[in-house]
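Q: got a predicted structure plus its sequence, pasted below:
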Amino acid sequence: MGGGIAGWITPGWMTYEKSLSPHISTPGYVKTMLKEGENPKPQLIEDCKPQCKYWKEKLERCETQLEKIIKVNPTKSCMYPMRDYVTCVEACVQPIIHNNLVGTD
């Protein structure tokens, strides 16, 4: 999507960037846990966190700067970097769970 001249002049189009779509191969425990009625999401979150290293580092930089700024302006926060990090982790976890649910074949 977004290749050629049309990709450069059409607003909202962009080339595929692999780093913006974190992905891990489906672990074996997901199907087993879903079949037993257990929630695999907490384990998947831990497996997906290393895929979002860029966003985690951005959040940590914000938190470091926030310690200095908060004394001057207490309304500042790191809400947007935190949202980006959580969104990245969820983008890795949710397709794995969804694609292994019964009825999504």
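A: That came through, no problem.

Q: where does this structure dip in pLDDT?
A: 1-8, 10-20, 104-105 (pLDDT under 70).

Q: could you pull out the helices for it?
A: 4-9, 29-35, 41-48, 53-69, 79-99 (DSSP state H).

Q: out of the ones you listed, which gets nearest to His23?
A: Evaluated with C-beta to C-beta, those place helix 79-99 nearest to His23, the distance being 6.2 Å. To be clear about C-beta, it is placed using only N, CA and C from the backbone, and glycine gets the same treatment.

Q: what helices or strands is that closest one leaning on?
A: helix 29-35, helix 41-48, helix 53-69 (3 or more C-beta pairs under 8 Å, 6 or more residues apart in numbering; DSSP states H and E).

Q: quick revisit: need the helices of the chain in JSON lines (columns: distance to His23 and mean neighbour count).
A: Below are the helices of the chain laid out as JSON lines (distance: least, C-beta to C-beta, whole Å; neighbours: other C-beta atoms under 10 Å):
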{"stretch": "helix 4-9", "distance to His23": "23", "mean neighbour count": "9"}
{"stretch": "helix 29-35", "distance to His23": "14", "mean neighbour count": "14"}
{"stretch": "helix 41-48", "distance to His23": "9", "mean neighbour count": "16"}
{"stretch": "helix 53-69", "distance to His23": "14", "mean neighbour count": "14"}
{"stretch": "helix 79-99", "distance to His23": "6", "mean neighbour count": "16"}
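
Q: so which of these is nearest Pro22?
A: Closest among these, using C-beta to C-beta: helix 79-99, at 4.2 Å.
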